[in-house]
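S.K.: Here is my input; please provide its structure:
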Amino acid sequence: MCDTKAACERAEQRVREILARLGLELHPDKTRQVDLSWGREGFDFLGCHLHKRLSGRIWEQQRKRLYFLQRWPSRRAMQRVRTRVKALTPRGACHRPLRDTLARLNPVLRGWGGYFRTGNAAITFGQVDDYVWRRLRRLLLQRHGRNLRRDQATQWTREYFHALGLYRLRGTIQYPEAA
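M.R.: You can find the predicted model right below:
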């Protein structure tokens, strides 16, 4: 959090000195200076993407540009949860009881959601929920195959799976001041 480039370089040098005393060093590929002002850039840290965003409400009401630091799951974290869901819902699992599949998915969704819930992840939580619903719906379509009755697939809504016990990420966000 420096206002000039020289101050940023001094702070980085100070961090290097402190870490050297501890026998540690900064990774050259992962260490960089990021300009967070005006929402130009962001950075990933511990699976989260941190980025400054303009407050739309303050801009609309007072015409003041006020930026707040927001945090949501990084692209890599999103890809990892999708990969995990895909691994738990393979094509061969279409004949497994649906409740067993849900029992395997829920701990993954609950743990991932618990880690990222204290941020601004409402959009990404919706994306993960949609992905899980599409994977489960695809399993049921594959299970029924040619024996699928007319309009049977329309009953497999998100609410159908949640009624069976699927963990829902939407609505679990706890904003930092509330947490």
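S.K.: Helices along this protein, start to end?
M.R.: Along the chain, the segments classed as helices by DSSP state H run 5-21, 56-62, 75-88, 98-116, 122-144, 158-163.
S.K.: Can you pull up the most central residue in this protein?
M.R.: Nearest to the centroid of the C-alpha atoms of the chain, with distances taken as Cα atoms, centre = their mean, sits residue 73, at 3.3 Å.
S.K.: need the contact list for that one.
M.R.: 47-49, 81, 116, 119, 121, 124 (Cβ atoms under 8 Å, 6 or more residues apart in numbering). Yep, even glycine has a C-beta here, placed from its N, CA and C like the rest.
S.K.: Which of the helices of the chain has the lowest mean pLDDT?
M.R.: Among these, helix 56-62 carries the lowest mean pLDDT, at a mean of 69.
S.K.: just to revisit the earlier point, which among the contacts of residue 73 end up buried?
M.R.: 48-49, 81, 116, 119, 121, 124 (16 or more other Cβ atoms under 10 Å).
S.K.: mind giving me CSV with the contacts of residue 73 and columns for distance to residue 94?
M.R.: Converted to CSV, those look like this (distance: Cβ to Cβ, whole Å):
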residue, distance to residue 94
47, 31
48, 35
49, 35
81, 21
116, 30
119, 35
121, 30
124, 28
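S.K.: still on that earlier bit, let me have the helices of the chain in CSV, extended by distance to residue 69.
M.R.: Output for the helices of the chain, formatted as CSV (distance: least, Cβ to Cβ, whole Å):
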stretch, distance to residue 69
helix 5-21, 17
helix 56-62, 15
helix 75-88, 18
helix 98-116, 15
helix 122-144, 16
helix 158-163, 32
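S.K.: To residue 172, which of those lies closest?
M.R.: helix 98-116 (5.4 Å; Cβ to Cβ).
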